[in-house]
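> All I have is the shape, not the residue letters:
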């Protein structure tokens, strides 16, 4: 992990396209501004993890549905 110290209005550049700027510091909170191309998703970590969990659940549900359909087709389309 790279650890950097920045003051108010200072920035960090990530690659050619992403800039993170310290906009405000209020007690133990830091407000960051992030400039990134529209194709780059930027989320708070807890939101990112929730999205990943939802995607995994949806993927598993799709696999289960496909497996059930496959099983029915193998049995000649008869429902149990």
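Cool, the structure landed. Because the structure is predicted, anything quoted here is derived from the model rather than measured. Residues are numbered from 1 along each chain as shown.

> Would you map the helices across the protein?
For the chain, applying DSSP state H gives helices covering 45-74.

> Can you pull up the most central residue in it?
residue 48 (3.4 Å; C-alpha atoms, centre = their mean).

> Check what pLDDT it gets.
pLDDT for residue 48: 96.

> for this protein, which spans come out with low pLDDT?
Within the chain, the segments meeting pLDDT under 70 span 77-80.

> domains of it?
8-39, 43-74 (the TED database).

> Export those domains as a markdown table, with columns for distance to residue 1.
C-beta coordinates here come from the backbone N, C-alpha and C atoms, glycine included. Shown next, in a markdown table, are the domains of the chain (distance: least, C-beta to C-beta, whole Å):
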| stretch | distance to residue 1 |
| --- | --- |
| domain 8-39 | 13 |
| domain 43-74 | 14 |
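
> wait, isn't residue 23 in contact with residue 29?
No. Judged on C-beta atoms under 8 Å, residue 23 makes no contact with residue 29 at a distance of 11.0 Å.

> between these two, which one's more packed in?
The residue with more neighbours, out of residue 23 and residue 29, is residue 23; 12 against 7, by other C-beta atoms under 10 Å.

> how close does residue 6 sit to residue 20?
8 Å (C-beta to C-beta, to the nearest Å).

> Looking at the two, which is more packed in?
residue 20 (18 against 14).

> contacting residues for the more buried one?
When contacts are counted by C-beta atoms under 8 Å, 6 or more residues apart in numbering, residue 20 touches 11, 12, 14, 32, 33, 34.
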